[in-house]
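1. Generate a structure from the sequence data that follows.
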Amino acid sequence: MALLFCFTVVIVAPLHVHITNQFEFVFTSADLFKQLLPISLICVAGLTLLLTLLRGNARRVVLSVLFMLSLLLWLQGNLLVWDYGALDGRDIDWVGMWYLGLLDGALWLLGLGLAVRYSSWMTHNLVNISSVFLILIQCVSIYSGLSNQPPVDRYRVDERGKYTFSSQQNVILIVVDAFQTDVFQEIIDDDPALKDVFDGFVYFRNAVSGFRQSYPSIPNILTATYFDNSKPMWDYLRDAYLSKSSLPKFFNDNGYKSEVYESKPGLYINPAVITNASPSTDYVQASSDILYNLDVALFRYIPHFLKKLVYNNQLWFLSYQFSQNSSITNTAGNANKAADGETAGYIDLSKRPAKTHFTEDALAKLSNLRVANHFINYSKVGYEQPVFKYFHMLGTHLPIRMTHDFQYVEPERSRTSLKDLSVGVVGLVDLILGSFRELGIFDNALIIVTADHGMWTKVAEVKIPDYLTQLHGESGSIARNLLPERIGTALPLVLIKRIGAQGTMRTNDAPIALSDIPRTVVTELGFEASSFPGKSMFNVPENETRKRLVHYSTFAQNPAYSEPFRSTMTEFIVEGFSWLDTSWIKTGKTYPPASDK
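-> Purely as a prediction, here's the structure:
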């Protein structure tokens, strides 16, 4: 009985979650099993000892209850799987789902009540044979899932040297997730002083993203390619990042340290592409993603009325409880250990007294703050070799949980709270750029601050100020079936600072796309850029008539990251100022999954 319970809770539930969502995690199923096996053995030993010490009716009750708990957990995690959405920040209607609490609660109370009331009969007639049967069912299920997993390269991001920069040249790409361009325009109109943060930058206001989700948008940014459902996503990622238009591979092949620091969906981690790829087993032991995996497994396998406590407004119970101290003080300090001593005599911000702009509570709850805090306190110049670095921040991605002054809040979702969050994110970027200035690398760096897409909430409907309608015209009365659900989801913030650039932030309304980023970067560095599609953003005239491509699909349709294909995508061409409905043209072309063709 101890084996059944521990096997179900410690091994099966986390593996089940990983197998069905493996591209959300930075480790393989084998890595996870190695971490969980010792815990499972300790669990079995502890419960076995307890059962050995118990006698008579007490032992029968515990045996019966352990069996029933195992059965209920299995039923909840495999059959009673309710739809709570993508668990990515969108609101969960806990009140509206009250009936699920009644159903789950009644089943669990009935099952545990029967286990206590009929413990003698169950231990003599049901527990042993049923336990063996339940273990076999779960073994078959896990084996089947493992057998059908897509091929995964055993490389993951090595974070040693994460905050170490070059004394020669730095190309830094920072993605601030979901930061919508019209929201940025609105906050700098409200407070023009915010433009001072981006001294030397050009704000490309007339931008589009190729997709409205991070998963396909990140390779679009880094490789200038478009996922079209013609091949499984993992094959597309491999081919895209190994192609001639792959920006990380270009740097890797041309003498740069090419480093990415986001190993979730959308990247292909391989030493042929980046220099900080390492075997996954080297990284998994320090990965907070294991806690996240356990949180999601717990969420899936417990009854409805307990799920809200585990979800914890996307703070996730175990992740929040066990990672507060390490996420604030330890992670970044360990990240630079491998770089120590590589180049002597350069600035190291970790050598001076730590600076803090945030409360301990806010640091523990907000990943945006932790990213900025690590830059502020752990950045150093330690490489003589030129460096390309890619970072990914949560940015303005839902849920809205931060104020302009970096406090943790849970406000009503509104345009006001979204703008307050956006001002806070700009403040964090200011602190990060300030760390570059303190290091002395800012002036000679090429820096891109961009979103991967816009926002997918009603409070982020595109707002066009009067002065822009005078410049570009007004949105027309376009039939809704000819437009995307929400065009703002494909309107990303794009800001670029050229090497040596100074002066007040300048706005440029040239028609550009995120897929132009690779060619822009390579052109700015003086390399031959003919193998990169698109155009350098700085070479596109503001009055040019240019068609830009968007592959659009709805969030409600999109499957889990582990699925090989996305839902059917509809092609749009954006010609004109991207904020206007009249600039969006539905081509009539769609991209269904290859399996449906």
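2. tell me which element Lys586 is part of?
-> For Lys586, the element it lies in under DSSP states H and E is strand 584-591.
3. by contact count, what packs against the one helix or strand Leu146 maps to?
-> For Leu146, the element it lies in under DSSP H and E is helix 127-147. Secondary-structure packing of helix 127-147 (3 or more C-beta pairs under 8 Å, 6 or more residues apart in numbering; DSSP states H and E): helix 2-6, helix 13-20, helix 56-78. C-betas here are computed from N, CA, C, even on glycine.
4. give me that answer again for 10 Å
-> helix 2-6, helix 13-20, helix 29-53, helix 56-78, helix 119-125 (3 or more C-beta pairs under 10 Å, 6 or more residues apart in numbering; DSSP states H and E).
5. In a markdown table, list these along with mean neighbour count and mean pLDDT.
-> Formatted as a markdown table, the helices and strands packed on helix 127-147 follow (neighbours: other C-beta atoms under 10 Å; pLDDT from 0 to 100):
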| stretch | mean neighbour count | mean pLDDT |
| --- | --- | --- |
| helix 2-6 | 21 | 87 |
| helix 13-20 | 22 | 88 |
| helix 29-53 | 15 | 88 |
| helix 56-78 | 19 | 91 |
| helix 119-125 | 16 | 87 |
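6. Correct me if wrong: Ile448 contacts Val429.
-> No - using C-beta atoms under 10 Å, Ile448 is not in contact with Val429; the gap is 11.7 Å.
7. list residues touching both of these two?
-> Residues touching both Ile448 and Val429 (C-beta atoms under 10 Å, 6 or more residues apart in numbering): Ile174, Leu495.
8. quick revisit: export the helices and strands packed on helix 127-147 as CSV, with columns for distance to Gly503.
-> Formatted as CSV, the helices and strands packed on helix 127-147 follow (distance: least, C-beta to C-beta, whole Å):
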stretch, distance to Gly503
helix 2-6, 64
helix 13-20, 49
helix 29-53, 49
helix 56-78, 58
helix 119-125, 78
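9. To Lys463, which of those lies closest?
-> Lys463 lies closest to helix 13-20 among these, at 38.9 Å (C-beta to C-beta).
10. Run through the neighbouring helices and strands of the closest one.
-> Counting contacts by 3+ C-beta pairs under 10 Å, 6+ apart, helix 13-20 packs against helix 29-53, helix 56-78, helix 127-147, helix 289-301.
11. what's the model's confidence in the third one, averaged?
-> This points to helix 127-147. For helix 127-147, the mean per-residue pLDDT is 87.
12. Report the inter-axis angle for it versus helix 29-53.
-> Using axes from the mean of the first three to the mean of the last three C-alpha atoms, to 10 degrees, the direction of helix 127-147 lies 170 degrees away from that of helix 29-53.
13. again, but for the shortest one
-> Orientation of helix 289-301 against helix 29-53 (the same axes, to 10 degrees) gives an angle of 60 degrees.
14. pull the CA atoms of the very next helix or strand once past helix 289-301 into CSV?
-> Next in sequence after helix 289-301, counting helices and strands by DSSP H and E, comes helix 304-311. What follows is helix 304-311, C-alpha atoms only, in CSV (Å, rounded to 0.1, in the frame of the first residue of the first chain):
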residue,chain,number,x,y,z
HIS,A,304,-11.5,21.4,-7.0
PHE,A,305,-11.9,23.2,-3.7
LEU,A,306,-8.2,22.8,-3.0
LYS,A,307,-6.9,23.9,-6.4
LYS,A,308,-7.3,27.6,-5.8
LEU,A,309,-4.8,27.3,-2.8
VAL,A,310,-2.2,25.6,-5.0
TYR,A,311,-2.7,28.0,-8.0
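15. In helix 304-311, which residues are buried?
-> Across helix 304-311, burial judged by 16 or more other C-beta atoms under 10 Å covers His304, Leu306, Lys307, Val310, Tyr311.
16. same for that helix, what does it pack against?
-> Secondary-structure packing of helix 304-311 (3+ C-beta pairs under 10 Å, 6+ apart): helix 98-117, helix 289-301, helix 317-325.
17. what's the spacing between Glu563 and Ala115?
-> 37 Å (C-beta to C-beta, to the nearest Å).
18. neighbour count winner among those two?
-> Using other C-beta atoms under 10 Å as the criterion, Glu563 and Ala115 rank with Ala115 on top: 25 against 17.
19. what's near enough to touch that one?
-> 60-69, 71-72, 122-123, 126-127.
20. Kindly indicate which of these lies nearest Gln385.
-> Leu69 (55.5 Å).
21. That closest one reaches Gly111, doesn't it?
-> Yes - in this structure, Leu69 is within contact of Gly111 by C-beta under 10 Å, at 8.4 Å.
22. pLDDT score assigned to Ala286?
-> On pLDDT, Ala286 comes in at 50.
23. wait, I meant Ser562
-> Looking at Ser562, its pLDDT is 59.
24. go on, Tyr236?
-> With respect to pLDDT, Tyr236 scores 93.
25. likewise Asn325?
-> Predicted confidence (pLDDT) for Asn325: 50.
26. go on, the one 5 residues further on?
-> We note a pLDDT of 45 for Asn330 in this prediction.
27. in the stretch 301-450 of the chain, what spans have low per-residue confidence?
-> Applying pLDDT under 70 to the stretch 301-450 of the chain flags the ranges 323-356.
28. now the strands for it?
-> Counting by DSSP state E, counting those that start in this stretch, the stretch 301-450 of the chain has strands at residues 380-383, 387-393, 445-450.
29. Among those strands, which comes closest to Phe406?
-> Between Phe406 and those, the tightest spacing by C-beta to C-beta is seen for strand 387-393, at 13.5 Å.
30. on contacts alone, who are the packing partners of that closest one?
-> Against strand 387-393 (3+ C-beta pairs under 10 Å, 6+ apart) you get strand 164-166, strand 170-176, helix 214-223, helix 247-253, strand 257-261, helix 367-378, helix 415-439, strand 445-450.
31. What pairs with that strand, parallel or antiparallel?
-> strand 170-176 (parallel), strand 257-261 (parallel) (DSSP bridges).
32. Quick check: closest non-adjacent residue to Glu575.
-> The shortest distance from Glu575 to any non-neighbouring residue, by C-beta to C-beta, 6 or more residues apart in numbering, is to Lys547 (5.1 Å).
33. again, but for Trp94
-> Once flanking residues are discounted, Trp94 sits nearest to Lys308: 5.5 Å by C-beta to C-beta, 6+ apart.
34. Am I right that that neighbour is in contact with Ile92?
-> Yes - the criterion here is C-beta under 10 Å, and Lys308 meets it with Ile92 at 7.8 Å.
35. re earlier: could you say which of the helices and strands packed on helix 304-311 is packed most deeply?
-> Stretch with highest mean neighbour count among the helices and strands packed on helix 304-311: helix 289-301 (a mean of 22; mean count of other C-beta atoms under 10 Å).
36. May I see the buried residues of stretch 544-554?
-> Buried residues in stretch 544-554, counting neighbours by 16+ other C-beta under 10 Å, are found at Arg546, Arg548, Val550, His551, Tyr552, Ser553, Thr554.
37. how far away is the fourth one from Gln502?
-> If I follow you right, that is His551. Between His551 and Gln502 the computed distance is 37 Å (C-beta to C-beta).
38. Same question for Asn170.
-> In terms of C-beta to C-beta, Asn170 sits 17 Å off from Gln502.
39. what about those two, which has more around it?
-> In this view Asn170 and Gln502 are compared by other C-beta under 10 Å, and Asn170 has more residues nearby, 24 against 9.
40. what's near enough to touch the more buried one?
-> Contacts of Asn170 were listed using C-beta under 10 Å, 6+ apart, and they are 256-257, 381, 383, 386-389, 436, 439, 441-442, 444-447, 499.
41. Among these, name the buried ones.
-> Applying 16+ other C-beta under 10 Å to the contacts of Asn170 flags 256-257, 381, 383, 386-389, 436, 439, 441-442, 445-447, 499 as buried.
42. of those, closest to Thr225?
-> In terms of C-beta to C-beta, no member of the buried ones among the contacts of Asn170 lies closer to Thr225 than Phe388, at 18.2 Å.
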